[in-house]
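A.B. asks: Would you be able to build a 3D model of this:
(chains A, B, C and D)
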Number of protein chains: 2
Amino acid sequence: MATRTDAPTRREQILKEAARLFAERGFHGVGVDEIGAAVGISGPGLYRHFPGKDAMLAELLVGISGSLLTGAKRRLAEAEGVAGPEAVLDSLIEGHIDFALDDRPLITLHDRELDRLRDSDRKLVRQLQRQYVELWVGVVREVYPSAPEPAARSAVHSVFGLLNSTPHLTRPGALPGRSATAALLHRMARGAFAAIEEH
Amino acid sequence: MATRTDAPTRREQILKEAARLFAERGFHGVGVDEIGAAVGISGPGLYRHFPGKDAMLAELLVGISGSLLTGAKRRLAEAEGVAGPEAVLDSLIEGHIDFALDDRPLITLHDRELDRLRDSDRKLVRQLQRQYVELWVGVVREVYPSAPEPAARSAVHSVFGLLNSTPHLTRPGALPGRSATAALLHRMARGAFAAIEEH
DNA sequence: CAGGGAGGTTAGCGGTCGTTAACCTGAAGG
DNA sequence: CCTTCAGGTTAACGACCGCTAACCTCCCTG
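C.D. replies: Next up, the predicted model:
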């Protein structure tokens, strides 16, 4: 998989703009004409690239869940043996923060429009999400062995909520710069996890 | 304001069911017929109680933001002088957790459907939200005086994300019970705030 | 016991939206 | 040079949805 430097294809443009619009106004709140207009073609021209509006949302959500899981697996494999569980957890957090900061609209969609999918697609996305969560839970339980599994799972969901809050705080972009924000989020996530263990 | 023991009025039933449906399927994803059916009347009967579908959403969102702010102000006033800033922060966290656990659909709506409001209503809601955030920021800065204001504000938004994650974790209801969940969320919120200060 | 308002009902209008149909065009390939 | 096809276009259809109109039926009250 080479690092892409090519110009984005029309199909990719459409997906990107659709993600932005869906995140801004909701799946049902955006018409196909608007999506088309956002990439310079109009309305039904989209059907040369996608079988329907639903298919765009499906591809977006499956893509998100897939790359989150793939990235997490890669980070876990890279750290295997050579690093302790704390470093692995840090790596997972870092990956999730990068995603939350770079693909804000996708993060928004990811927990907002899942129910608008066809049954089969929704099942797939949920399965990918579940694997992602369980991967985190495993690592968290290595770092905090005294934490019972349900608490660890709740904690993971809550930290996702914390990290995924980025869309809310960057209205004017007047926040302390990307790296400082990432560092703050990272520390807060670790601080939240550290509170799993009572006292 | 007496504690209400009376049966809920038809109007309140409608608001409650509308909140649930809007949270489940999005504002545009729910038809007035469905809302009517959820309270046992059908379709246009709703217009005896509300001027339109938008008005239901507006009343819900203004109500949420208002009661969050009112509750926070009350807690702040009660603790004035008699308690240190840490206790005030704990009280704010407790209030927000109660709300997140008891009114899950409203919490979901609150940061999801704001853009579907008329301009004037949206402005009002945003102003209430801003006051709520600033109230938290003030308390947080008392507890952590070394934290710069932008960091404190980002932290507050992130902790809201953490606390508002409750809708995600209660799919089957097989989580460790309400009080244990509340305690875990509370500890995590404090742990996250504690990480504001570097090192 | 008349009458009126609160709170429903069903029928239907007007607009919007996803999708399809039919047609056009420019560039690549034999 | 003719063909083909990818990638557009506009027109239009059918479904759905928010809302209004018109009507009906209790129940309360003077």
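A.B. asks: okay, CA-based contacts and neighbour counts for the rest of this
C.D. replies: OK.
A.B. asks: A:P51 and DNA strand D, how far apart?
C.D. replies: According to C-alpha to the nearest atom of the strand, to the nearest Å, A:P51 stands 13 Å off from DNA strand D.
A.B. asks: Could you pull up the mean pLDDT of the top helix by length along chain A?
C.D. replies: Counting by DSSP state H, the longest helix found in chain A is helix A:53-79. When pLDDT is averaged along helix A:53-79, the result is 97.
A.B. asks: buried set for it?
C.D. replies: A:53, A:56-58, A:60-62, A:64-66, A:68-69, A:71-72, A:75-76 (16 or more other C-alpha atoms under 10 Å in any protein chain shown).
A.B. asks: Residue numbers of chain A in contact with DNA strand D?
C.D. replies: A:R10, A:G40, A:I41, A:S42, A:G43, A:P44, A:G45, A:L46, A:R48, A:H49 (C-alpha under 7 Å from any atom of the strand).
A.B. asks: The following helix or strand past the longest helix of chain A and chain B in contact?
C.D. replies: Sequence order places helix A:85-102 as the next helix or strand after helix A:53-79, per DSSP states H and E. No. Using C-alpha under 8 Å from any C-alpha of the partner chain, helix A:85-102 stays clear of chain B, coming no nearer than 12.3 Å.
A.B. asks: Give me the distance between the two termini of stretch A:29-42.
C.D. replies: From its first residue to its last, stretch A:29-42 covers 17 Å (C-alpha to C-alpha, to the nearest Å).
A.B. asks: pLDDT wise, what is the closest residue to A:G71 other than its chain neighbours at?
C.D. replies: Ranked by C-alpha to C-alpha, 6 or more residues apart in numbering or on different chains and with sequence neighbours excluded, the top spatial neighbour of A:G71 is A:G95, at 7.3 Å. With respect to pLDDT, A:G95 scores 98.
A.B. asks: Show me the shaky parts of chain A.
C.D. replies: A:1-6, A:170-175, A:199 (pLDDT under 70).
A.B. asks: Centroid-nearest residue for it?
C.D. replies: Nearest to the geometric centre of chain A sits A:I107, at 4.4 Å (C-alpha atoms, centre = their mean).
A.B. asks: Which helix or strand contains that residue?
C.D. replies: Applying DSSP H and E, one finds A:I107 within helix A:104-110.
A.B. asks: Counting by contacts, list what that helix packs against.
C.D. replies: helix A:10-25, helix A:53-79, helix A:166-169 (3 or more C-alpha pairs under 8 Å, 6 or more residues apart in numbering or on different chains; DSSP states H and E).
A.B. asks: which other residues reach that helix?
C.D. replies: A:19-20, A:22-24, A:60-61, A:64-65, A:99-100, A:164, A:166-167 (C-alpha atoms under 8 Å, 6 or more residues apart in numbering or on different chains).
A.B. asks: buried sites along stretch A:150-159?
C.D. replies: A:A151, A:A152, A:R153, A:S154, A:A155, A:V156, A:H157, A:S158, A:V159.
A.B. asks: Pull the most distant pair out of those.
C.D. replies: Greatest spacing in the buried residues of stretch A:150-159, by C-alpha to C-alpha: A:A151 and A:V159 (12.1 Å).
A.B. asks: Report the set of residues contacting both of these two.
C.D. replies: Contact with both A:A151 and A:V159 is made by no residue, according to C-alpha under 8 Å, 6+ apart.
A.B. asks: Which strand or helix spans A:L135?
C.D. replies: Per DSSP H and E: helix A:119-143 holds A:L135.
A.B. asks: which other helices and strands contact that helix?
C.D. replies: helix A:53-79, helix A:85-102, helix A:149-163.
A.B. asks: Any chance of JSON lines for those, columns distance to A:H28?
C.D. replies: Shown next, in JSON lines, are the helices and strands packed on helix A:119-143 (distance: least, C-alpha to C-alpha, whole Å):
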{"stretch": "helix A:53-79", "distance to A:H28": "10"}
{"stretch": "helix A:85-102", "distance to A:H28": "23"}
{"stretch": "helix A:149-163", "distance to A:H28": "24"}
